[in-house]
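**Student:** Just to be clear, the model below is a prediction. Sequence and coordinates:
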Amino acid sequence: MRATLRFDRRRVVLFPAAALVLSSLALGCAPNYNLKATEPTRSAVLDAVSEVIHNRYPMSRTHSEDGYVLAVTPVTLEGVTRTKRSISVRVLQNYTGGFEPVVRVRHDFDAATPEVGEVSTTDPVKASPFGRERWRPMGYLTLEEEALAAAIREKIGAMGL
């Protein structure tokens, strides 16, 4: 029997790489993701976002402590389907310490189907079938997201931030 030496390429590469990563973590060379906030501040960006969204969509709400703005459009009828758009803008900290808005516009449709009420009741409201609203996402409107993001960046630039 002849003893053969097996050469495993994975062990040769992975062990030194793992040793390097572990030693850098032990020495405190790990990256620090708790960056100090830089200009523009979160409240200034949130003010600009809320002003742009409130001007475009009257049914909107700003949550300043959590840093986001929500809005919905009125319900419209497209064919036989009721639709609406849900707009959400979050103000998040980026990698350089500044704050930037993240815009999402979702196109929803109503997938309500009538449900049979209680059959053995004498109350006509409970006995009649009603369709409860059940909004389901149809897709995301990326062109509207880009237009909103551009308007928000323009507003932030006009504020001098």
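**Tutor:** That came through fine. Just so it is clear, the model here is predicted, and its values are computed rather than measured.
**Student:** low-scoring stretches of the protein, by residue?
**Tutor:** Residue ranges of the chain with pLDDT under 70: 1-39, 113-133, 161.
**Student:** again, only using 90
**Tutor:** Within the chain, the segments meeting pLDDT under 90 span 1-44, 64-67, 78-82, 92-100, 110-136, 156-161.
**Student:** need the helices for it, in chain order.
**Tutor:** Using DSSP state H, the helices of the chain run over residues 9-26, 42-56, 124-127, 142-158.
**Student:** For the closest residue in space to D47 that isn't next to it in sequence, give me its contacts.
**Tutor:** In this structure, D47 finds its nearest non-sequential neighbour in M159, 8.0 Å apart by C-beta to C-beta, 6 or more residues apart in numbering. From N, CA and C alone the C-beta is placed, and that goes for glycine too. M159 makes contact with 40, 44, 47-48 under the criterion C-beta atoms under 8 Å, 6 or more residues apart in numbering.
**Student:** burial measure for A149, as a count.
**Tutor:** By other C-beta atoms under 10 Å, the residues close to A149 number 17.
**Student:** Good, we can wrap up now.
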